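Peer 1: 3D model of this:
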Amino acid sequence: MTSPLTRFADKTVIVTGAKSGIGAAAARRFADEGANVVAFDLEPGSMAEDLADLGERLMVKVGDTTDVDTVNGIVADAAERFGSIDVLILNAGIADFGTLPETDQETWNKIMDVNVNGPVHFIRAALPHLKASGGSVVMTSSVSGLGGDWGMTAYNTSKGAVTNLVRSLAIDHGKEGVRINAVNPSVIRTAMTADVIENKTVYGNLMQRIPLGRVGEPDEVAAAMAFLASDDARFITGVNLPIDGGVGASNGQPPLF
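Peer 2: Residues are numbered from 1 along each chain as shown. Reported below is the predicted structural model:
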């Protein structure tokens with residue numbers, strides 16, 4: 001649904017992981033609210049086609065968030081073309097199942113590199129521009145960054161790092177006019193979660209724990225991102241906002257009757 005709002009008119013938003021899922025929904029949401037959008041992903045997918053209506057307000061970039069030179073180049077190109085960088089939506093991420101003994105070092109390093117170092121590279125590169133624009137950052141963390149899951153040690157650790165990275169950055173850069181927040185989704189209907197949602201046993205277990213009785217949709221996360229990035233949230237920083245259908249409201253006990 002197209003938003004009637006224009007909170008981001010004449011502002012420039014970089015969205016990582018914009019090819020699909022939450023990232024694609026975020027790119028569309030900010031576009032519909034008037035932003036110049038820099039859509040970035042490891043592969044082009046259909047980003048150019050999906051956002052073709054933006055015309056000159058769209059820049060599509062392909063590359064790896066873990067490569068510092070690539071990230072620096074994207075930030076420089078965006079600032080040169082559009083004149084400012086106002087919002088970073090740092091959504092690119094990967095997940096893997098496994099306990100610590102089941103997770104080899106290469107997999108561990110890759111998850112940390114993409115989920116933690118990737119956002120750090122973008123913030124380092126964009127921080128001078130965000131200071132100039134009074135901009136903000138919204139990262140995609142996870143409910144797995146607020147509490148643990150069974151058998152997801154590397155992912156949990158990476159998202160826990162993101163959760164506290166948000167807090168630390170918010171403290172350090174608030175007086176410079178830059179706000180840093182995160183959204184912390186539970187299960188959202190994306191390609192990454194398809195196997196989980198399609199497994200009847202796992203899905204049934206999820207439904208026992210989600211008070212709203214369904215999984216989330218990408219546009220619901222994108223709406224929260226847009227709020228946190230907007231001036232409507234101008235006194236909010238250092239927040240990790242659960243987008244979880246009420247999962248976090250539970251004390252963890254199963255239904256008693």
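
Peer 1: Quick one: the strands in the stretch 151-257 of the chain, in order.
Peer 2: With DSSP state E, counting those that start in this stretch as the criterion, the stretch 151-257 of the chain has strands at 179-185, 240-243.

Peer 1: Show me what the residue lying closest to residue 78 once chain neighbours are set aside bridges to in the sheet.
Peer 2: Closest residue to residue 78 apart from its sequence neighbours, by Cβ to Cβ, 6 or more residues apart in numbering: residue 38 at 4.6 Å. Glycine gets a C-beta too; all of them are placed from N, C-alpha and C. Beta bridges link residue 38 to residue 14, residue 59 when assigned by DSSP bridges.

Peer 1: Just list the residues touching residue 38, thanks.
Peer 2: Applying Cβ atoms under 8 Å, 6 or more residues apart in numbering to residue 38 gives the contacts 12, 13, 14, 15, 59, 60, 61, 74, 78, 82.

Peer 1: please redo it, this time with the cut-off set to 10 Å
Peer 2: Applying Cβ atoms under 10 Å, 6 or more residues apart in numbering to residue 38 gives the contacts 12-16, 18, 27, 57-61, 74-75, 77-79, 81-82, 85, 87-89.

Peer 1: which among those residues end up buried?
Peer 2: When the contacts of residue 38 are checked for burial by 16 or more other Cβ atoms under 10 Å, the buried set is 12-16, 18, 27, 57-61, 74-75, 78-79, 82, 85, 87-89.

Peer 1: Show only the entries of the residues you listed found in strands.
Peer 2: Members of these lying in strands (criterion: DSSP state E): 12, 13, 14, 15, 16, 58, 59, 60, 61, 87, 88, 89.

Peer 1: Kindly calculate the angle that whichever helix or strand residue 25 is part of makes with strand 12-16.
Peer 2: Assigned by DSSP states H and E, residue 25 falls within helix 21-32. Using axes from the mean of the first three to the mean of the last three Cα atoms, to 10 degrees, the inter-axis angle of helix 21-32 relative to strand 12-16 is 170 degrees.

Peer 1: re the thing from before, output the ones in strands among the buried ones among the contacts of residue 38 in TSV; the columns should cover distance to residue 130 and pLDDT.
Peer 2: Formatted as TSV, those follow (distance: Cβ to Cβ, whole Å; pLDDT from 0 to 100):
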residue	distance to residue 130	pLDDT
12	11	98
13	12	98
14	10	98
15	15	98
16	15	98
58	21	97
59	18	97
60	22	97
61	18	97
87	8	98
88	7	98
89	13	98
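
Peer 1: Could you tell me how many residues sit around residue 67?
Peer 2: For residue 67, the neighbour count with other Cβ atoms under 10 Å is 13.

Peer 1: Could you report the separation of it from residue 112?
Peer 2: Look at residue 67 and residue 112: by Cβ to Cβ, to the nearest Å, they are 15 Å apart.

Peer 1: got any ranges where the stretch 1-150 of the chain has weak pLDDT?
Peer 2: For the stretch 1-150 of the chain, applying pLDDT under 70 flags the ranges 1-4.

Peer 1: Just list the residues touching the residue lying closest to residue 244 once chain neighbours are set aside, thanks.
Peer 2: In this structure, residue 244 finds its nearest non-sequential neighbour in residue 186, 3.8 Å apart by Cβ to Cβ, 6+ apart. For residue 186, the contact set (Cβ under 10 Å, 6+ apart) comprises 142-144, 146, 193, 206, 209-210, 215-216, 242-248.
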